[in-house]
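**Q** structure for this input, please:
(chains A and B)
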Amino acid sequence: MIVADLVQYVVTGLLVGGVYALMSIGLALIFGVMRVVNFAQGDFMMLGMYLTYWLAIGYGVDPLLGALLTIPPFFVLGLVVHRLLLVHVTGRGDPQREMDAQLILTLGLSLIITNAVTMLLSPEPRGIKTAYATQAFVVGPILVNQARSYAFAMALLLAVVVYVFLTRTDLGKALRAAADDPEAAGYQAIDVRTMHGVAFGIGIALVAAAGGLLATYYPIEPTVAVNFIVLMFVAVVLGGLGSIPGAFIGGIVIGLVQSLTLLVLPFQLQNVGVFVAFLLVLYLRPQGLFGQRVRTV
Amino acid sequence: MSSRRRGWIAIAIVVAVGLGLSFALQERYHHRILTLVFVWATMGLAWNIISGYGGQTSFGHQAFFGIGAYTTLLLIIKAGLTPWIGMLAGAAAAVGAAVLIGFPTFRLGGIYFALATLAYPLIFRIVMEFLGYQEVAIPMERERAALFMQFTDPRAYDLLALALLAATLALSHAIETSRLGYWLRALKENEAAAEAMGVDSFRVKMIGYMLSAAPAALVGAVYAHAILFVVTPDGVFGVLVTVQTLTVSLVGGIGSLWGPLIGAALMIPISETLDATLGDRLPGIQGVVYGLALVAIILFAPEGLYWRVRNAILARRAPAPRAARPMPSVPVEAIPAARPAGAVLMEVRDVSKAFIGLQALFDVSFDVRDGEILGIIGPNGAGKTTLFNVLNGFLVPERGQVRFRGEATTGLRPSALCRRGVGRTFQVVRTFPHMTVLDNVMVGAFVRDRAEAPARARALAALALVGLADRADAVPAGLTTLELRLMELARCMATAPRLVLLDEPLAGLSGDGIDVMTSMIRRLRAGGTTVAIIEHTMQALLRLADRLVVLDQGRRIAEGAPVDVTRDPAVIEAYLGKKWLRAATAPQT
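**A** Just a heads-up that it's a prediction; the model follows:
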């Protein structure tokens, strides 16, 4: 019985972890290529949830499909945001000060998005009703929520697509080159600024899609970003800042930690487990579970 | 008038204006805005101590704000303790929390500190909710209202918040003009250089963080009584607390006494007015305004309004650029010849250091003797800079030992070595770019003098020694390469070193510059300072050094008088290759 409980928690953790993994990949890609820590990542996720909601309610589009449909418009949105705002705070001057400027710029952006949505769409939480949200696959003594399973499968699929894109296509290779050594990439006729835009676009699109998947089982409200941005930070730091596979595993680990925390702590303290794990990783292995220690002097 | 005096007068003016406003305003709502301006200016100033002066950006300063509010309130409820004492307990708790947070966090550089600080208020928030303190109302105390910080006259809260503001301004001003302020700024500008100049970075950050936590906690307690009345985790640990703190500081300009005050005086009335007029219909309007302010300030005036205006005024006042100035000259009085080298000052024994896949130093041993000029030469990549990094504590060797004046120093931080008398300059000059030349040198001088005045005198003496006295008020960006190297040397000399490690002091200098620098180095030695110099060109050191140590691929391949070393076959091979070795040693025919 206890074993069954444990398996149940692990399965639940894995399933939500898959969606965390997808959103964290977006954040990691942006950090990896641009060295920008994007505070507004959670807000783009929230916008992705709303777009999926709007497609579902207005046009009857299934949210699993709706999540995919968020990708093109959010890619374009990412390009625009990069061109209008982030261009001004990347790749010039002292890295430490620039990092602070980026954090503050994206924090401002996050505030604008959260509060503008609150103003325009009301702070009331909404939800998408689907047939599978309340259904579960029954595997022996374990219940596996269908919405979470589908969302997990889609997240996994998208993550694989991203991985193949980055490793097999010319554009993906150019992105990685721009991330590893912007100067050398410039000599190879790779336009680093364009690569930054592309990375930001893809990063935003991925987190929006993850938001869409999340919307199949999670309430949609303007302030939802706060809860998730920290989870994403944790996952990305856990995986080693900027590493894509690391962020994926980091996301899964966060889902598991969140779920397994329930075994020892009451429900309200669920995220305390995550934050404590975050601090432990920062202190014990700041380079992340998979990253390499970078020399600073 | 000294800048110190001017600062105190300006603070007095702020207090006078605050008092005047508090007595002139009539409507309760206006008093609320005034109180909020003082509250957020104070909070911004508190944050500014660690994040503005020290450059350690904290995104979690509301942790201390909330600790102050909750501690004070829970002491009222559980123990009947007056908030006047309770808020001091809150400040003490916040300082304790700062130590607990800072202790592990300051070991992480840059971005990691900012990310880690995010987590703490979130944890506090969740825990407070869990403990059942979702809504804690301040119990009414009609009988002993004043004792419990409950006033009907809104002026009382104005004055309370103004008193905190004045105290925090005074604290900030005291920090700015003290050793701590110089050291915090130096850490922000260049942590490695600061460490090498004797700044114990961990300790200085920690003190800054503690001083930054206390006012945040006090203002949290006052905010709870003056504005909130019902304290919620979201109200004191929430994102908006940090957002307001960051916004007033950044809009006004960080790293100054006046930035947060200007930012608060501008932003708080705007956002409160909007909230009062449109807040019902547009519930997120305040957040949008703060967001827009943050984005706009980063895009258009990232240094903040205070610095923008100040720099514009200074630029208008600045005199026309001067004609080219003569090269700094060192009086060529008779420089005494080399003294016989004295006792061993530094002992290097079997030092080995490897990086991933590269053995940088391999069992290197030599002595530095008191009063000598020791040249350490070797081709590029021989391990010279790595050796200096081991000698002054930036790196800990895997094997071997370094002893300075008989004391084992391996494992000591660079700042500790600096205090023991090991000075250091860098291959690429490391300045504190936003500090004047004098301030740069004062950072070093503070190692020997705690107070500002003697440190200033010591720094001026060091500048006079290298011939840069007339450049004291310039910023490093306006200096020539030679002047930069001399400034770095003066900063190093201001720490009163027994031994200075000069990492390629001649690199990038013209012929005349090399002459100035070499006679400078002879003068230092004549003044009793022992000198170790790295160079990769042998030429310059042949005349300057008393002895040479030659490194090649991490090993010491020769040591001795310059003339002997240049004839050493191993040295010729290292520099010129085997072919030349054969040519040099072939029997003459």
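**Q** who touches the helix or strand harbouring B:Ala455?
**A** Here B:Ala455, judged by DSSP states H and E, is contained in helix B:452-466. With contact meaning C-beta atoms under 8 Å, 6 or more residues apart in numbering or on different chains, helix B:452-466 is reached by B:4, B:177-179, B:328, B:330, B:437-438, B:441-442, B:444-446, B:448-449, B:469, B:471-472, B:486-487, B:489-491, B:493-494, B:520, B:523. Heads up, the C-betas are built off the backbone N, CA and C, glycines and all.
**Q** alpha carbons of that helix, in CSV - could you do that?
**A** Below are the C-alpha coordinates for helix B:452-466, written out as CSV (Å, rounded to 0.1, in the frame of the first residue of the first chain):
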residue,chain,number,x,y,z
GLU,B,452,39.0,58.7,6.1
ALA,B,453,41.3,61.6,6.8
PRO,B,454,44.6,59.7,7.4
ALA,B,455,43.6,57.3,4.5
ARG,B,456,43.3,60.3,2.2
ALA,B,457,46.6,61.7,3.4
ARG,B,458,48.3,58.3,2.8
ALA,B,459,46.7,58.0,-0.6
LEU,B,460,47.9,61.5,-1.6
ALA,B,461,51.4,60.6,-0.5
ALA,B,462,51.3,57.5,-2.6
LEU,B,463,50.1,59.5,-5.6
ALA,B,464,52.8,62.0,-5.0
LEU,B,465,55.4,59.2,-4.9
VAL,B,466,54.5,58.0,-8.4
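**Q** ok so, going back, narrow the contacts of helix B:452-466 to just the buried residues.
**A** Taking 16 or more other C-beta atoms under 10 Å in any protein chain shown as the criterion, what is buried in the contacts of helix B:452-466 is B:177-179, B:328, B:330, B:437-438, B:441-442, B:444-446, B:449, B:469, B:471-472, B:486-487, B:489-491, B:493-494, B:520, B:523.
**Q** before we move on, back to that, now the helix holding B:Ala455, how far from the centre of its chain.
**A** A distance of 20 Å separates the C-alpha centroid of helix B:452-466 from that of its chain, computed with C-alpha atoms, centre = their mean, to the nearest Å.
**Q** what of stretch B:496-512?
**A** Using C-alpha atoms, centre = their mean, the offset of stretch B:496-512 from its chain centre is 24 Å.
**Q** also stretch B:83-102?
**A** That offset, for stretch B:83-102, works out to 24 Å (C-alpha atoms, centre = their mean).
**Q** give me every residue that touches B:Arg543.
**A** Residues in contact with B:Arg543 (C-beta under 8 Å, 6+ apart) are B:Thr518, B:Pro562.
**Q** buried ones in the helix or strand encompassing it, by neighbour count?
**A** Counting by DSSP H and E, the element that carries B:Arg543 is helix B:538-544. For helix B:538-544, the buried set under the neighbour-count rule, 16+ other C-beta under 10 Å, comprises B:Met538, B:Ala540, B:Leu541, B:Leu542, B:Leu544.
**Q** for those, give me CSV that also has pLDDT.
**A** Converted to CSV, the buried residues of helix B:538-544 look like this (pLDDT from 0 to 100):
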residue, pLDDT
B:Met538, 76
B:Ala540, 77
B:Leu541, 85
B:Leu542, 85
B:Leu544, 89
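**Q** what is the nearest of these to chain A?
**A** B:Leu541 (25.6 Å; C-beta to the nearest C-beta).
**Q** excluding residues flanking it in the chain, which one is nearest the closest one?
**A** The spatially closest residue to B:Leu541, leaving aside those adjacent along the chain, is B:Gly375, at 3.8 Å (C-beta to C-beta, 6 or more residues apart in numbering or on different chains).
**Q** likewise for B:Ala360?
**A** Nearest residue to B:Ala360, sequence neighbours excluded (C-beta to C-beta, 6+ apart): B:Thr386, at 4.2 Å.
**Q** name the element that neighbour belongs to?
**A** Taking DSSP H and E as the definition, B:Thr386 sits inside helix B:384-391.
**Q** helices of chain A, start to end?
**A** Remark: helices assigned in chain A by DSSP state H are A:2-34, A:41-59, A:63-69, A:71-84, A:95-121, A:146-168, A:170-180, A:182-187, A:192-214, A:224-238, A:244-264, A:270-284.
**Q** which one of these lies nearest to chain B?
**A** helix A:95-121 (2.9 Å).
**Q** returning to what we had before: please enumerate residues in contact with the helix or strand following the helix holding B:Arg543?
**A** Downstream of helix B:538-544, the next assigned helix or strand under DSSP H and E is strand B:547-552. Outside of strand B:547-552, the residues within contact range by C-beta under 8 Å, 6+ apart are B:341, B:364, B:366, B:372, B:374-379, B:382-384, B:387, B:538, B:541, B:556-562, B:565, B:568, B:570-571, B:574.
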